[in-house]
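Predicted model and sequence follow; I will ask about them next.
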Amino acid sequence: MSTQEYITIHQGNSSVSVHLHGATVTSWKCDGQEMLFVSKNAIYNNKKAIRGGIPVIFPNFGPWELGPQHGFARTSRWTLKETNENSDESKAVFTLQDSEETNKMWNYKFCVSYILLLRKKEFEARLQVENIGSEEFKFTTLLHTYLSVSDVNKSTISGLQGLQYIDKVCGGKTFTEDRELVGVQENYDRVYMSTPNTHVVTNSTGGRSIRITKTNFPDTVVWNPWIEKAKGMSDFGDDEYLCMLCVEAGHVASPLTLSAGGVFEGKQVLSIC
Ligand code: BG6
């Protein structure tokens, strides 16, 4: 099992593939249709984060003074603990524990479990963080979901109206969203705070809409590098900004504090609607 690079679980004509590098989900096919974006230039060298799918961000979202941007989880090798395929649900469980390597950056004892549950028309991801040490720690975390869209100019995101967001493109200033349906037509990097549990993203691949239902992830990051930034990314095609949209459920605007023995669970369900 240790040399295996990725696994796939199935449920009828639907499937989920996950790389052990970062426990990065690189494919979710629903009824044979790929719903996630992965760049054609993504690098699979077990070092760099995979550009696309669902990288797991832990223990830090964004630039980090103690280690790499977005933390070490997405560039660590995870352990596959279990796979199980039943008639109505298939499951894969991955874990990441602190190591000599992680302790050099962030000296805490933790166990992260990532539980993936595939049903025919929906895909659930549960992230559990357990503090197995004797002192409390703080962290931020997020599921960096890259959705595949047919044309980003035609997609909209619901559930953001009236909410405050930090605009990372505008130097981290805070604004209020006034649109009922948010369209992305420029370089976007916004942290929407205290978002509702559900967003619907229209015009994903195949013209379908995707519902994102989240629990214990109070924030939603919306990101698309657009034209100029895309050109500067070596693992992203120049035109690929048109066919992806990141809608990322997480706990990032403020850190979580986990006391010794404490457990956090955040969850996201992606479904077709
Ligand atoms: C987003 C961040 O979640 O991820 C952006 O809000 C960042 O600031 C983007 O540019 C991609 O990050 P990375 O490290 O994968 O290039």
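Great, that's in hand. Only a predicted model underlies this, so the values are computations on that prediction, with no experimental measurement involved.

and stretch 187-205, which residues are buried?
By neighbour count with 16 or more other Cβ atoms under 10 Å, stretch 187-205 contains the buried residues 187-193, 195, 197, 199-205. C-beta here means a position set from N, CA and C on the backbone, and glycine is covered the same way.

Kindly report the same for stretch 39-56.
Residues 39, 42, 44, 48-56 are the ones in stretch 39-56 that count as buried (16+ other Cβ under 10 Å).

Can you report how many residues lie near I157?
23 (other Cβ atoms under 10 Å).

Disregarding flanking residues, what is the spatial nearest neighbour of it?
V182 (4.6 Å; Cβ to Cβ, 6 or more residues apart in numbering).

Tell me the one of the buried residues of stretch 39-56 nearest the ligand?
Checking those against the ligand with Cβ to the nearest ligand atom, the nearest one is A49 at 5.6 Å.

Please verify my assumption that the closest one contacts R74.
Yes. Using Cβ atoms under 8 Å, A49 and R74 qualify as a contacting pair, with a distance of 4.5 Å.

joint contacts of the two?
Common contacts of A49 and R74 (Cβ atoms under 8 Å, 6 or more residues apart in numbering): 22, 24, 55.

Test of understanding: give the bridge partners of the second one.
Beta bridges link T24 to H19 when assigned by DSSP bridges.

for it, what are its contacts?
T24 neighbours (Cβ under 8 Å, 6+ apart): 18, 49-50, 53-56, 74.

at 6 Å what do you get?
T24 is in contact with 50, 53, 55, counting by Cβ atoms under 6 Å, 6 or more residues apart in numbering.

S271 too?
121-122, 211 are the contacts of S271 under Cβ under 6 Å, 6+ apart.

Off-centre distance for the helix or strand hosting it?
S271 belongs to strand 263-272 when assigned by DSSP states H and E. Once both centres are worked out by Cα atoms, centre = their mean, to the nearest Å, strand 263-272 turns out to sit 10 Å from its chain's centre.

pLDDT on that strand, on average?
Averaging pLDDT along strand 263-272 gives 98.

and if you look at stretch 45-62?
Here the average pLDDT along stretch 45-62 is 98.

Need the CA coordinates for it. PDB is fine.
C-alpha atoms of stretch 45-62 as PDB (Å, rounded to 0.1, in the frame of the first residue of the first chain):
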ATOM      1  CA  ASN A  45       6.000  14.900  -8.100                       C
ATOM      2  CA  ASN A  46       4.900  14.200  -4.500                       C
ATOM      3  CA  LYS A  47       6.300  17.500  -3.500                       C
ATOM      4  CA  LYS A  48       4.300  20.300  -4.900                       C
ATOM      5  CA  ALA A  49       0.600  20.700  -4.100                       C
ATOM      6  CA  ILE A  50      -1.600  19.200  -6.900                       C
ATOM      7  CA  ARG A  51      -3.200  22.100  -8.900                       C
ATOM      8  CA  GLY A  52      -6.900  21.200  -8.700                       C
ATOM      9  CA  GLY A  53      -9.300  18.800  -7.200                       C
ATOM     10  CA  ILE A  54      -9.700  19.300  -3.500                       C
ATOM     11  CA  PRO A  55      -6.400  20.100  -1.700                       C
ATOM     12  CA  VAL A  56      -6.800  19.900   2.100                       C
ATOM     13  CA  ILE A  57      -5.600  23.000   3.800                       C
ATOM     14  CA  PHE A  58      -4.300  22.500   7.300                       C
ATOM     15  CA  PRO A  59      -3.100  23.900   9.700                       C
ATOM     16  CA  ASN A  60      -2.900  27.300   8.000                       C
ATOM     17  CA  PHE A  61      -4.800  29.000   5.300                       C
ATOM     18  CA  GLY A  62      -2.800  31.500   3.200                       C
END
